[in-house]
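S.K.: generate coordinates for the sequence data below:
(one chain, ligands or ions: 1)
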Amino acid sequence: MDDLGSLVVKLFDIEAFKFGSFKLKSGIQSPIYIDLRVIISYPDILRSIAVHMNDIIQRANVACDSICGVPYTALPIASIICADYKRPMLIRRKEKKDYGTKKLIEGKFQPNDRCLIIEDIVTSGSSVAETAESLRAEGLQVTDAIVFFDREQNGENNLKEKNIRLLRVLTITEVLRYLVKYSRITEEISKTVQMFIRENQTQLPSSKPEIVETKHLSMSIRERFQMILKEKKTNLCLSADLPSLDEIIELSKQIGPNICMLKIHCDILNDFSMEKILQLKEISRKFNFLLLEDRKFADIGNTVKSQYTKGLFQISQWADLVTVHILPGEGIVEALEQAAQSINEPRGCLLIAQMSSKGALTDNEDYVKGAVQCAKKYSNFVIGFISQSRLTTDNQFLHCTPGIHLNNTGDQLGQQYVTPRQAIDGRGADILIVGRAILDSINRVKTAEEYQEEGYRVYEQLRHV
Ligand SMILES: O=c1ccn([C@@H]2O[C@H](COP(=O)(O)O)[C@@H](O)[C@H]2O)c(=O)[nH]1
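M.R.: Now for the predicted structure:
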């Protein structure tokens with residue numbers, strides 16, 4: 001067995017390579033899972049990886065003044081290489097410190113120093129590209145990166161576009177070949193993985209300034225919503241009730257073409273930052289869907305104004321639409337409309353007229369009437385309702401209905417579901433708000449496509465759009 005083959009087999013034996021069916025962060029099922037974090041518990045393997053990487057660096061004649069490891073798994077590898085190769089090490093923090101020096105790059109360097117990036121695995125190349133961007137922003141030169149393992153999902157080309165040459169010790173093809181050769185996996189498993197890799201090629205978001213669609217700025221939010229429905233042929237709103245904004249960002253890139261709106265609850269996110277939410281907003285512009293913050297405002301106007309514009313979330317900066325309870329009276333809508341006037345993009349809201357949960361106290365005729373009256377009075381800002389029935393024949397108002405599931409009638413905490421057809425036909429919905437039916441499915445993208453197709457087919461039939 002050659003040296004590399006023996007290393008691959010050892011990595012398989014310590015379960016750094018796993019084969020089966022694994023749900024990735026993006027929701028995709030993968031037949032392979034690679035977790036090189038385990039190598040820190042095996043010093044011989046760790047050193048062997050570093051030695052192989054060092055060999056490649058020497059053979060490729062990389063000229064570098066310092067080496068930057070990408071956290072976390074590549075850091076111990078980078079430390080060994082720095083010690084062997086006698087180069088100073090830099091680290092790019094995952095998050096900028098919000099205290100002290102606020103530095104993103106730790107370690108000593110001079111302007112124009114040439115820096116080599118070290119990473120354990122490359123998929124799309126996004127971590128390497130982000131690291132290069134931060135280093136270049138500090139005046140360092142980055143032309144090369146080395147990884148131990150290349151998943152061959154287009155990372156090499158993606159990095160080439162960023163003027164980074166990718167050096168690697170092993171590709172997934174080589175790993176599969178060794179594992180079949182040394183009887184760790186069957187030929188059939190190897191083929192399944194190769195097919196998965198072929199079908200899951202990646203691309204990095206362009207760093208070139210995109211031609212930003214500005215048509216929407218001259219339209220009201222109502223006009224824009226109507227245009228999205230027609231152009232994209234979808235009345236699906238994904239309720240992305242996930243704890244991680246990173247995950248929502250990834251998911252929205254995949255599901256973006258299928259939805260007219262993405263609804264979030266910013267207060268359940270454990271990684272909220274303005275930087276990330278603005279990234280999501282950019283994706284919403286690219287894929288042409290609206291961003292709805294389901295904040296369910298329910299206080300006096302003055303307080304709600306602050307909740308909308310201030311604090312950690314600064315909702316008015318990024319949410320095209322927000323949800324509003326009408327319980328405190330119309331002052332709440334007036335306050336939001338006033339606050340939205342200082343934003344130079346169209347904004348609007350949906351009034352919560354009825355709720356999908358069992359025993360909701362909104363099931364009251366006067367309450368619903370009050371909501372409709374308020375919507376008509378503030379029709380520039382109120383573009384529709386969260387509802388469970390058709391509340392008005394005035395078709396300028398969109399009826400958005402949550403509590404949708406094709407195979408379930410409810411949850412243990414009072415949520416009640418109807419099917420897309422029941423919601424549109426029986427309850428007069430224009431927009432279907434779907435959460436767990438998609439989020440908990442095995443293939444989120446495929447399920448979203450199903451809800452989009454079914455929802456828009458029924459909507460077209462009944463509303464004659
Ligand atoms: O009456 C209402 C108002 C809002 N919601 C919200 O919609 C989603 C539904 O999620 P599922 O997973 O599809 O049940 C969720 O964010 C609720 O806060 C609602 O369900 N009913």
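
S.K.: tell me how far the closest residue to the ligand within the stretch 251-400 of the chain lies from residue 334.
M.R.: Using CB to the nearest ligand atom, the point where the stretch 251-400 of the chain gets nearest to the ligand is residue 355, with a distance of 3.3 Å. (C-beta placed from N, C-alpha, C; glycine too.) Between residue 355 and residue 334 the computed distance is 23 Å (CB to CB, to the nearest Å).

S.K.: looking at the two, which is more packed in?
M.R.: Applying other CB atoms under 10 Å to residue 355 and residue 334 shows that residue 355 carries more neighbours, namely 21 against 17.

S.K.: residue 400: neighbouring residues, count only.
M.R.: Neighbours of residue 400 using other CB under 10 Å come to 24.

S.K.: for this protein, which residues are neighbours of the ligand?
M.R.: The interface of the chain toward the ligand, taken as CB under 6 Å from any ligand atom, is made up of 239, 241, 294, 355-356, 386, 402-403, 415, 433-437.

S.K.: just the buried ones from those?
M.R.: 239, 294, 355, 356, 386, 402, 403, 415, 433, 434, 435, 437 (16 or more other CB atoms under 10 Å).

S.K.: count of neighbours near residue 43?
M.R.: Residues near residue 43, counting by other CB under 10 Å: 11.

S.K.: check residue 199 too.
M.R.: Residues near residue 199, counting by other CB under 10 Å: 9.

S.K.: just residue 75 next, same as before
M.R.: Neighbours around residue 75, by other CB under 10 Å: 15.

S.K.: ditto for residue 141
M.R.: Neighbour tally, residue 141, other CB under 10 Å: 16.

S.K.: now residue 244: how far from residue 445?
M.R.: From residue 244 to residue 445 the distance is 18 Å (CB to CB).

S.K.: point me to the residue of the stretch 201-350 of the chain nearest the ligand.
M.R.: residue 239 (3.9 Å).

S.K.: I'd say that residue and residue 431 touch.
M.R.: No. Contact criterion CB atoms under 8 Å: residue 239 and residue 431 do not qualify, at 11.1 Å.

S.K.: please name the bridge partners of the residue of the stretch 201-350 of the chain closest to the ligand.
M.R.: residue 263 (DSSP bridges).

S.K.: what sits against it?
M.R.: 263, 294, 402, 433, 434, 435, 439 (CB atoms under 8 Å, 6 or more residues apart in numbering).

S.K.: re earlier: can you give me phi and psi for the residue of the stretch 251-400 of the chain closest to the ligand?
M.R.: Phi and psi for residue 355, reported as degrees, to the nearest 10, are phi -120, psi 160.

S.K.: so it touches residue 364, yeah?
M.R.: No. Residue 355 is beyond contact range of residue 364, at 11.3 Å (criterion: CB under 8 Å).

S.K.: so which bits of the lengthiest helix in the chain are buried?
M.R.: Criterion DSSP state H: the longest helix present in the chain is helix 444-463. The neighbour-count check on helix 444-463 (16+ other CB under 10 Å) flags 444-445, 447-452, 454-456, 458-459 as buried.

S.K.: format those as a markdown table; extra columns: pLDDT.
M.R.: Formatted as a markdown table, the buried residues of helix 444-463 follow (pLDDT from 0 to 100):
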| residue | pLDDT |
| --- | --- |
| 444 | 95 |
| 445 | 94 |
| 447 | 96 |
| 448 | 97 |
| 449 | 96 |
| 450 | 96 |
| 451 | 97 |
| 452 | 97 |
| 454 | 96 |
| 455 | 97 |
| 456 | 96 |
| 458 | 95 |
| 459 | 95 |
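
S.K.: can I get stretch 339-357 in CSV, CA atoms only?
M.R.: The C-alpha coordinates for stretch 339-357 follow below in CSV (Å, rounded to 0.1, in the frame of the first residue of the first chain):
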residue,chain,number,x,y,z
ALA,A,339,-41.7,55.2,10.3
ALA,A,340,-41.5,53.6,6.8
GLN,A,341,-41.6,57.0,5.2
SER,A,342,-37.9,57.6,6.1
ILE,A,343,-36.9,54.4,4.3
ASN,A,344,-36.1,54.9,0.6
GLU,A,345,-37.7,51.7,-0.5
PRO,A,346,-41.3,50.6,-0.6
ARG,A,347,-42.6,49.0,2.6
GLY,A,348,-45.9,47.6,3.7
CYS,A,349,-47.7,45.3,6.2
LEU,A,350,-50.1,42.5,6.5
LEU,A,351,-52.8,42.7,9.1
ILE,A,352,-53.4,39.6,11.2
ALA,A,353,-57.1,39.3,10.9
GLN,A,354,-57.5,35.6,11.7
MET,A,355,-55.1,33.0,13.0
SER,A,356,-54.7,29.3,12.2
SER,A,357,-54.4,28.1,15.7
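
S.K.: now do the end-to-end distance for stretch 325-341.
M.R.: The straight-line separation of the ends of stretch 325-341 (CA to CA, to the nearest Å) is 20 Å.

S.K.: give the buried residues for that stretch.
M.R.: Buried, per 16+ other CB under 10 Å, within stretch 325-341: 325-328, 330, 332-337, 339-340.

S.K.: secondary structure and pLDDT added to those residues, as CSV?
M.R.: Shown next, in CSV, are the buried residues of stretch 325-341 (DSSP: H, G, I helix; E, B strand; the rest coil; pLDDT from 0 to 100):
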residue, secondary structure, pLDDT
325, strand, 97
326, coil, 95
327, coil, 95
328, coil, 96
330, coil, 95
332, helix, 97
333, helix, 97
334, helix, 97
335, helix, 97
336, helix, 97
337, helix, 97
339, helix, 95
340, helix, 95
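
S.K.: just flag the most distant two among those.
M.R.: Farthest apart among those by CB to CB are 327 and 340. That separation is 20.3 Å.

S.K.: could you list the low-pLDDT ranges of this protein?
M.R.: Applying pLDDT under 70 to the chain flags residues 25-27, 95-102, 205-218, 464-465.

S.K.: could you chop it up by domain?
M.R.: Annotated domains of the chain cover 3-199, 214-463 [automatic domain parsing].

S.K.: quick one: terminal-to-terminal distance for the first one?
M.R.: By that I understand domain 3-199. 31 Å.

S.K.: can you report how many residues neighbour residue 49?
M.R.: Neighbours around residue 49, by other CB under 10 Å: 25.

S.K.: which elements pack onto the host helix or strand of it?
M.R.: Assigned by DSSP states H and E, residue 49 belongs to helix 43-59. Judged by 3 or more CB pairs under 8 Å, 6 or more residues apart in numbering; DSSP states H and E, helix 43-59 is in contact with helix 3-13, helix 74-85, strand 144-150, strand 165-171.

S.K.: mind saving the C-alpha coords of the second one as PDB?
M.R.: Listed in PDB are the C-alpha atoms of helix 74-85, where the atom choice follows Å, rounded to 0.1, in the frame of the first residue of the first chain:
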ATOM      1  CA  ALA A  74      -7.100  23.500   9.300                       C
ATOM      2  CA  LEU A  75      -5.500  25.300  12.200                       C
ATOM      3  CA  PRO A  76      -3.600  22.400  13.700                       C
ATOM      4  CA  ILE A  77      -2.400  21.400  10.200                       C
ATOM      5  CA  ALA A  78      -1.300  24.900   9.500                       C
ATOM      6  CA  SER A  79       0.600  25.100  12.800                       C
ATOM      7  CA  ILE A  80       2.600  22.000  11.900                       C
ATOM      8  CA  ILE A  81       3.400  23.200   8.400                       C
ATOM      9  CA  CYS A  82       4.400  26.600   9.800                       C
ATOM     10  CA  ALA A  83       6.800  25.000  12.200                       C
ATOM     11  CA  ASP A  84       8.300  22.600   9.600                       C
ATOM     12  CA  TYR A  85       8.400  25.200   6.800                       C
END
